[in-house]
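> just coords:
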DNA sequence: ATGTAGACTCAAGTCGACG
DNA sequence: ACGTCGACTTGAGTCTACA
């Protein structure tokens, strides 16, 4: 029944992490990302700091703005060995 | 630049779909799922009908209740050929 | 067992300003 | 370019009740 769940992070942590990494890769600022996603700068910042509980709709808008699939943003953070 | 995004569903649709399928597999009712996730029955129903925009925290609670990873709930719905 | 509806609460999300 | 704060509005999530 059910896959063995190895130590995993909270969904919030995953989102925050992926946003930071992808944003760094793309070399865009929080402001630019917020702009592209139609969200407010302060809110995106708060999400990256894991302070806020983003909705699935807005998570999708961020994913679209970053040109990645939504599922990537909630995917487990790989533990570099 | 970003993977070619084949025709994809909204994140909301994905969640709704996966909830219905997994719930059917587990043979549990919306009420039982809601109970297990600590959410209200009417709300879970509304999410399955794509009427409501669930937050990432509560999506995670549903995933935990179903013993699956959160990312599965937002993963693309496979098109049976 | 699910859908609907209405009334309610509090947090999601906006916005402007300052460090 | 980002964090923070405060005031504000809207919508997520609860709950009771009826079909």
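Nice, thanks for sending it over. Note that this is a predicted model, so its numbers are computed, not measured. Numbering: from 1, shown residues only, chains lettered A, B, ... in the order given.

> report the contact partners of residue A:39.
Contact analysis of residue A:39 by CB atoms under 8 Å, 6 or more residues apart in numbering or on different chains lists A:58, A:61-62. All C-beta atoms are positioned from the backbone trio N, CA, C, and that covers glycine.

> which of those has the largest number of neighbours?
Counting neighbours by other CB atoms under 10 Å in any protein chain shown, residue A:62 leads the contacts of residue A:39 with 25 neighbours.

> excluding chain neighbours, give the residue nearest to the most centrally placed residue in chain A in space.
Computing the C-alpha centroid of chain A and ranking residues by CA atoms, centre = their mean puts residue A:15 first, at 3.0 Å. Leaving aside its chain neighbours, residue A:15 sits nearest to residue A:73 (5.3 Å; criterion: CB to CB, 6 or more residues apart in numbering or on different chains).

> what's the burial count for the one you found?
25.

> just the closest of the contacts of residue A:39 to DNA strand D, please.
Nearest to DNA strand D out of the contacts of residue A:39 is residue A:58 (CB to the nearest atom of the strand; 8.8 Å).

> what residues of stretch A:30-37 count as buried?
Neighbour-count burial for stretch A:30-37, counted by 16 or more other CB atoms under 10 Å in any protein chain shown, picks out A:30, A:33-34, A:36-37.

> Serialize the residues you listed to TSV and add fields for distance to DNA strand D, pLDDT and secondary structure.
Below are those laid out as TSV (distance: CB to the nearest atom of the strand, whole Å; pLDDT from 0 to 100; DSSP: H, G, I helix; E, B strand; the rest coil):
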residue	distance to DNA strand D	pLDDT	secondary structure
A:30	3	98	helix
A:33	8	98	helix
A:34	8	98	helix
A:36	12	97	helix
A:37	13	98	helix
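
> can I get the residues you listed in a markdown table including distance to DNA strand C?
A markdown table is the format used below for the buried residues of stretch A:30-37 (distance: CB to the nearest atom of the strand, whole Å):
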| residue | distance to DNA strand C |
| --- | --- |
| A:30 | 12 |
| A:33 | 12 |
| A:34 | 7 |
| A:36 | 12 |
| A:37 | 8 |
